[in-house]
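Chemist: pasting a predicted model and its sequence here:
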Amino acid sequence: MAAIALVVVVGGGWAPRTPAGAASGAREPGPFRGLGTWVDAFDYVPSRQQHGAPPPVTPASVADMAALGVRTLYLQVVGPDDPAAGSVAEPVLLGEFLAAAHRSGLAVVGWYLPFLDDVDADLAVIGAMTGFRSHGQRFDAYALDIEWTQGVRDPDQRSAAAVSVAKHTRALVGSGVPLGATVYPAVQTEVLNVSLWPRFPYQRLARSVDVWMPMVYWTFRDGTYRDPAIYTAESVARLRDNLGDRRALVHPIGGIADGSTPVDGVSFLRAVRTTRSVGWSLYDFNTTASSAWPVLRAGPEATATTTTSTTTSASTTGASVPAAGATKPSVG
């Protein structure tokens, strides 16, 4: 199938410069295809709940995910400030999530946020994640959340650490297991905050990464980029341009869920369709309103003839948003 060049003109009139002969990836998306949902340690680890409250997401929640049309659960294996010590958080719970997901027909992608200031420590946790087994259950794929900038201030040293972590993770999982990378959207790093991570090492990471997952959190934006379709489409186009690969496999992560409306979801899925992304999700499961799921489940092809405006406010949607768990860090 011939590649389609996506041209997005916003503000300064940017358009992708990827040459027509750019290489196309031969990798497979595996569990990264289709509708996914995200669960982080703040929502399932008992010790992270305030005042002894029960976790808002449990292994029993997986049956709900399946009923809502979710294909893949993205499950954080250790929290951002847990004592890593080369282990995963709550191994018994992780095993229960794996069993419940596989019983319901869902794949599970284990994900980890590397701090990059101690590559050996990061790799110890990643080794525990990739080697994790529970009653014959294991993760179906893995993802690295490459967004932490506080550990290594120098962006080039940070990039070198990220590339090293990705390279060693690829070696751990082998060539047959898909590996994803959660990254800042290129609009954010190239237009909105150029000092966040200059010279991000897209092409060096591409030697290890199969699927790219830009965090297109339009609820952190205003003006033109508050439109999920514009923000997502330009972010995907810039990502592929930086990779030099128009066919790079992309799974955009939209959100944040509790600040989004069903109309935002339609706009987001329109960009998923026009960019030919392989999958889609909102961050995260616990904060996704019940009114959002029919849109997400219908998928990008359902937007082919939809022309709904994205200016509808959250107060007019009638969305009922579940109460969030412990306060989570957010990236702006």
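Modeler: Everything's here; your move. Numbering: from 1, shown residues only.
Chemist: read off the pLDDT value for A23.
Modeler: With respect to pLDDT, A23 has a value of 32.
Chemist: swap in the one 4 residues further on?
Modeler: Per-residue confidence (pLDDT) for R27: 80.
Chemist: how many neighbours does it have?
Modeler: Residues within reach of R27, counting by other C-beta atoms under 10 Å, total 15. (Each C-beta comes from the backbone N, C-alpha and C, glycine too.)
Chemist: against I230, how distant is it?
Modeler: If you measure R27 against I230 using C-beta to C-beta, to the nearest Å, the figure is 28 Å.
Chemist: ok, V236 next?
Modeler: V236 is 11 Å from I230, by C-beta to C-beta.
Chemist: higher neighbour count, the two?
Modeler: Legend: neighbour count by other C-beta under 10 Å for V236 and I230, higher for V236 (29 against 20).
Chemist: thought that one was touching S277?
Modeler: Yes: judged on C-beta atoms under 8 Å, V236 makes contact with S277 at a distance of 6.4 Å.
Chemist: between these two, what contacts are shared?
Modeler: Each of 250, 252, 271 lies in contact with both V236 and S277 under the rule C-beta atoms under 8 Å, 6 or more residues apart in numbering.
Chemist: in the stretch 1-150 of the chain, which spans are strands?
Modeler: Ranges of strands in the stretch 1-150 of the chain, per DSSP state E, counting those that start in this stretch, are 34-39, 72-76, 107-112, 141-145.
Chemist: partners of the first one in the sheet?
Modeler: Think strand 34-39. Looking at strand 34-39 with DSSP bridges, its partner strands are strand 72-76 (parallel), strand 279-283 (parallel).
Chemist: chain center to stretch 229-245, what's the gap?
Modeler: Per C-alpha atoms, centre = their mean, to the nearest Å, the displacement of stretch 229-245 from the mean C-alpha position of its chain is 15 Å.
Chemist: what's the average pLDDT for it?
Modeler: 98.
Chemist: how close does W293 get to V39?
Modeler: From W293 to V39 the distance is 15 Å (C-beta to C-beta).
Chemist: an error on my part: the question was meant for Q150.
Modeler: For Q150, the distance to V39 - C-beta to C-beta - is 24 Å.
Chemist: more neighbours, the two?
Modeler: Neighbours were counted for Q150 and for V39 using other C-beta under 10 Å; V39 has more, 25 against 9.
Chemist: beta partners for the more buried one?
Modeler: Beta bridges link V39 to L75, judged by DSSP bridges.
Chemist: that one: what's it in contact with?
Modeler: By C-beta under 8 Å, 6+ apart, V39 lies in contact with 57, 73-76, 97, 284-286.
Chemist: that older thread, now do the shared contacts for V236 and I230.
Modeler: Shared contacts of V236 and I230 (C-beta under 8 Å, 6+ apart): A271.
Chemist: returning to that earlier point: would you turn the shared contacts of V236 and S277 into a markdown table with pLDDT, neighbour count and distance to T261?
Modeler: Output for these, formatted as a markdown table (pLDDT from 0 to 100; neighbours: other C-beta atoms under 10 Å; distance: C-beta to C-beta, whole Å):
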| residue | pLDDT | neighbour count | distance to T261 |
| --- | --- | --- | --- |
| V250 | 98 | 25 | 23 |
| P252 | 98 | 29 | 17 |
| A271 | 98 | 28 | 16 |
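Chemist: so which of those residues belong to strands?
Modeler: V250 (DSSP state E).
Chemist: what about stretch 290-305, distance to the chain center?
Modeler: Counting by C-alpha atoms, centre = their mean, stretch 290-305 is centred 18 Å from the centre of its parent chain.
Chemist: list the buried residues of it.
Modeler: 292-293, 295-296, 298-300, 303 (16 or more other C-beta atoms under 10 Å).
Chemist: and of those residues, the nearest to L93?
Modeler: Checking the buried residues of stretch 290-305 against L93 with C-beta to C-beta, the nearest one is W293 at 24.3 Å.
Chemist: what about the closest one, which SS state?
Modeler: Classification of W293 by DSSP: H, G, I helix; E, B strand; the rest coil places it in helix.
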